[in-house]
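# Structure of the sequence below:
(chains A and B, ligands or ions: 2)
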Protein chains: 2
Amino acid sequence: DKARRNAEGMLERFHKLGVQLRPHMKTHKTLECADIMTGGSRRCIVVSTLAEASFYADNGYDDILYAYPLPFDKVERCAELSERLSLFHIVVDNRLALQQLKKRPLKQGKIWDTSGVELTGIYAHCGNTYACQGEEQIKAVAQETTTIVLQFMEKLKAAGIQGVKSSIGSTPSCSHPVPDMAMLSEVHPGNYIFYDVQQSLIGSCRLEDVAVRVLTRVIGHYPHRNQLLVDCGWTALSHDGGGRLPTGYAIIEGHPELKLLSMTQEHGRVEPISGKLDIKQFPLGSLLTLMPYHACATAMMHPVYFVRSKGKVIDTWKPTRGW
Amino acid sequence: DKARRNAEGMLERFHKLGVQLRPHMKTHKTLECADIMTGGSRRCIVVSTLAEASFYADNGYDDILYAYPLPFDKVERCAELSERLSLFHIVVDNRLALQQLKKRPLKQGKIWDTSGVELTGIYAHCGNTYACQGEEQIKAVAQETTTIVLQFMEKLKAAGIQGVKSSIGSTPSCSHPVPDMAMLSEVHPGNYIFYDVQQSLIGSCRLEDVAVRVLTRVIGHYPHRNQLLVDCGWTALSHDGGGRLPTGYAIIEGHPELKLLSMTQEHGRVEPISGKLDIKQFPLGSLLTLMPYHACATAMMHPVYFVRSKGKVIDTWKPTRGW
Ligand SMILES: Cc1ncc(COP(=O)(O)O)c(C=O)c1O
Ligand SMILES: Cc1ncc(COP(=O)(O)O)c(C=O)c1O
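Numbers count the residues shown, from 1 in each chain, chains lettered A, B, ... in the order given. Ligands and ions are numbered 1, 2, ... in the order given. Just a heads-up that it's a prediction; the model follows:
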């Protein structure tokens, strides 16, 4: 329900601004989330790997943008996707990449756009929004990126290059868009379907918007160390965030007094931020609920997601993996 | 070849000491490595998850030790494995866990050992060897752990508890065993089949013993930032080590002057430790070879391993995953 609310909120926000939303799939890599994020259109998405591109292409998606500086070993796979799909966009940031494309002309009457290779759009991520704290700072970066991109579009026009699209976006900037973003063609955030503790600290969302949890079980009591052991290690949560939260590697829902201090491959050590642990509150076998620092990194560790609605697991969703 | 050499070295070391080697599978989780580590016996292994236990049981392995404080939700799966296998060992560190076992008597004439539930061995990991630097410190910790375990065995004997096995082991201590370890029943290291940069810094191995690499491709030149971009992010290497090496998150083979400064999901930023980057040395599309900080964490990110011998990829090995 939270994921759906986050995704529908983003669709509505950019529908109102008159800007095409092109959601990024890298956070979840599932068909189900992609359907929610595209409002069922199955068109106009971004991917971070060719494994994702093929997965979505195989499942009826089209108009896919591979937002990655073209790796030269992947020109052939990109060409095949271009030949299969009505629209497959690739990103280059180097003249040599253009030469690589020209060496592999497309079959079936297709071309790398209109004259061999032509610029169809410019893409900026504004990842520097991740250093922001609060809406005001986010909006300042969103404004700066938008202004720079729009100025660049003016220069292109002045040089006689017309009809070029513009796309910016990160989850922070697209959660708090500035009015000038209405002059862009597209935005491409991705994380927002889940959000996470990091996004709540940046100010992209409220903590209650975070749609991902890792359930973990208490498996050890170590009163002499003032610690609990839980069955969540870095194989289930990832090391992302480096434990820098006051509550360590995650937030333990309902227990702001606890810290996930460290993890091994399959264990987590939990202790109170201060004072003595009340072990009776946490019987062996009981569950704790972790809110991850970075949803993309945590989701990546799981071969299946359990989908919960109104207190029940109602479905399981399987992400694609690999490259 | 390196993995085989590492594994055969460990077998030989403990064969000479007259101690049973019970290798841990968690680093690789493949049948092929398990065969090498058990010298083809397919008996006497340790696992960190029930997914591994089932995977090995399904493939003809037996005498499997699940080295994990019994999670109460997994008693049924443990019971099933006990009923299927001739030997399935579980670890408890709490009286309540014993009660959980007694609630689930085994079928097929089997029992949780001889009288309902009985202690058959004690297991210590000596993970504190990971704070060591050099053989001398490692041996001191190995000696300390061995002494404590042997003293505990004496106390058990004095209390009339006979025939209890003893097992210790981490990769550092088992790479440099002390003579007293000959009095133990078993050792259970795991990482040594691959080793990694961390182990070389601890002093468990030489850097040239490390058997795992991540190949990555140069995909961007950013001379204004004095940086290269490579196509290895944390989905391929993991965040383990936190970038604390002088060379960042990994060692770039043949390039001690370079640092893997940071990673995003699918990108890595490489820069010189000092001075100006000679970009001509690293053409777009060329390959760099990363030696991971922690082989367990890096291997975990991959659905398949490419096996290289004498300069050629000769096989692909598929690990099991999940829980
Ligand atoms: C190239 C690119 N585009 C879009 C996104 C989506 O941004 P966010 O994760 O902030 O939603 C990312 C995220 O890393 C990205 O790398
Ligand atoms: C319980 C247990 N036994 C054995 C091992 C294997 O030790 P190493 O990884 O040092 O080889 C580990 C590793 O973490 C472990 O947790």
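
# and the residue lying closest to residue A:26 once chain neighbours are set aside, how many residues sit next to it?
Using C-beta to C-beta, 6 or more residues apart in numbering or on different chains and skipping residues adjacent in sequence, the residue nearest residue A:26 is residue A:48, 4.0 Å away. Placement of C-beta: from N, CA and C, glycine included. Around residue A:48 sit 24 other residues, with neighbours defined as other C-beta atoms under 10 Å in any protein chain shown.

# can I assume residue A:138 is in contact with residue A:199?
No: contact status for residue A:138 versus residue A:199: not in contact, 10.5 Å apart, counting by C-beta atoms under 8 Å.

# Overlap in contacts, these two.
Taking C-beta atoms under 8 Å, 6 or more residues apart in numbering or on different chains as the criterion, residue A:138 and residue A:199 both touch A:172, A:175.

# What does residue A:41 show for phi and psi?
The main-chain torsion angles of residue A:41 are listed as degrees, to the nearest 10 and equal phi -70, psi -30.

# who are the neighbours in contact with the residue nearest the centre of chain A?
For chain A, the residue lying nearest the average C-alpha position, counting by C-alpha atoms, centre = their mean, turns out to be residue A:191 (3.0 Å). By C-beta under 8 Å, 6+ apart, the contact list for residue A:191 reads A:24, A:27, A:170, A:171, A:199, A:295, A:296.

# would you turn those into JSON lines with neighbour count?
Shown next, in JSON lines, are those (neighbours: other C-beta atoms under 10 Å in any protein chain shown):
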{"residue": "A:24", "neighbour count": "25"}
{"residue": "A:27", "neighbour count": "29"}
{"residue": "A:170", "neighbour count": "29"}
{"residue": "A:171", "neighbour count": "29"}
{"residue": "A:199", "neighbour count": "26"}
{"residue": "A:295", "neighbour count": "27"}
{"residue": "A:296", "neighbour count": "26"}
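
# ok, and of these, which contact chain B?
residue A:296 (C-beta under 8 Å from any C-beta of the partner chain).

# is chain B contacted by the worst-scoring helix or strand of chain A on mean pLDDT?
Per-element confidence for chain A was summarised using mean pLDDT, DSSP states H and E. The lowest value among helices and strands belongs to helix A:95-102, with a mean of 89. Yes: with C-beta under 8 Å from any C-beta as the measure, helix A:95-102 is seen reaching chain B through A:96, A:97.

# Partner strands of the next helix or strand after that helix, with direction?
Using DSSP states H and E, the next helix or strand after helix A:95-102 towards the C-terminus is strand A:121-124. When pairing is defined by DSSP bridges, strand A:121-124 lines up against strand A:165-168 (parallel).

# could you dump the partner strand to CSV, C-alpha only?
Provided in CSV are the C-alpha atoms of strand A:165-168 (Å, rounded to 0.1, in the frame of the first residue of the first chain):
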residue,chain,number,x,y,z
LYS,A,165,14.6,16.2,-25.0
SER,A,166,15.8,17.0,-21.5
SER,A,167,15.5,14.7,-18.5
ILE,A,168,16.7,15.2,-14.9
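
# Show the contacting residues for the nearest residue to residue A:172 once chain neighbours are set aside.
Computed as C-beta to C-beta, 6+ apart, the closest residue to residue A:172 that is not its neighbour in sequence is residue A:129, at 3.7 Å. For residue A:129, the contacting residues are A:138, A:141, A:142, A:170, A:171, A:172, A:173, A:202, taking C-beta under 8 Å, 6+ apart as the criterion.

# Which of the three states applies to the second one?
Meaning residue A:141. Reducing the assignment at residue A:141 to three states with DSSP: H, G, I helix; E, B strand; the rest coil gives helix.

# Against residue B:298, how distant is it?
Using C-beta to C-beta, to the nearest Å, residue A:141 is found at 33 Å from residue B:298.

# what are the phi and psi angles of the closest residue to residue A:234 other than its chain neighbours?
Counting by C-beta to C-beta, 6+ apart, residue A:234 lies nearest to residue A:263, which is 4.8 Å off, once chain neighbours are set aside. When quoted as degrees, to the nearest 10, the phi and psi of residue A:263 stand at phi -140, psi 150.

# And the least confident helix or strand of chain A, what's buried?
Of the residues in helix A:95-102, A:97, A:98, A:100, A:101 count as buried by neighbour count, 16 or more other C-beta atoms under 10 Å in any protein chain shown.

# Model confidence score at the nearest residue to residue A:199 once chain neighbours are set aside, please.
In space, residue A:199 comes closest to residue A:205 once its chain neighbours are excluded; the distance is 5.1 Å by C-beta to C-beta, 6+ apart. Confidence at residue A:205, expressed as pLDDT, is 98.

# do residue A:255 as well
In this model, residue A:255 carries a pLDDT of 98.

# A helix includes it, no?
No: with the criterion set as three-state DSSP, the secondary structure at residue A:255 is coil rather than a helix.

# Tell me how far it lies from chain B.
Summarising the geometry, the distance separating residue A:255 from chain B, computed by C-beta to the nearest C-beta, to the nearest Å, is 20 Å.

# Surely that residue and residue A:288 touch.
Yes: applying C-beta under 8 Å, one finds residue A:255 in contact with residue A:288, separated by 7.1 Å.

# gap between residue A:90 and chain B?
Going from residue A:90 to chain B by C-beta to the nearest C-beta gives 12 Å.

# Please disregard the earlier target; I meant residue A:161.
In terms of C-beta to the nearest C-beta, residue A:161 sits 23 Å off from chain B.

# hmm, back to that, just checking, which of the contacts of residue A:129 belong to helices?
Among the contacts of residue A:129, the members found in helices (DSSP state H) are A:138, A:141, A:142, A:171, A:172, A:173, A:202.

# what's the closest of those residues to residue B:226?
The shortest gap between residue B:226 and any of the ones in helices among the contacts of residue A:129 belongs to residue A:141, at 23.6 Å (C-beta to C-beta).

# is it true that the closest one touches residue A:176?
No: between residue A:141 and residue A:176 there is no contact under C-beta under 8 Å: 9.8 Å.

# just to revisit the earlier point, mind checking how far the residue nearest to residue A:234 is from residue A:239?
7 Å.

# Need phi/psi at the residue located most distally from the centre of chain A.
Farthest-out residue of chain A from its mean C-alpha position, per C-alpha atoms, centre = their mean: residue A:224, at 40.8 Å. Phi and psi for residue A:224, reported as degrees, to the nearest 10, are phi -70, psi -20.

# need the contact list for it.
Residue A:224 neighbours (C-beta under 8 Å, 6+ apart): none.

# For chain A, give me the ranges with low pLDDT.
Applying pLDDT under 70 to chain A picks out residues A:113-117.

# can you list the domains in it?
Structural domains assigned to chain A are A:2-197, A:212-292, following automatic domain parsing.

# so residue A:53 is in which element?
Using DSSP H and E, residue A:53 maps to helix A:50-58.

# near chain B, which residues of the stretch 51-200 of chain A show up?
The interface of the stretch 51-200 of chain A toward chain B, taken as C-beta under 8 Å from any C-beta, is made up of A:68, A:69, A:70, A:71, A:72, A:73, A:93, A:94, A:96, A:97, A:127.

# For the closest residue in space to residue A:96 that isn't next to it in sequence, grab the count of nearby residues.
Take residue A:96 and drop its neighbours on the chain: the residue closest to it by C-beta to C-beta, 6+ apart is residue B:284, 5.3 Å away. Number of residues near residue B:284 (other C-beta under 10 Å) recorded here: 21.
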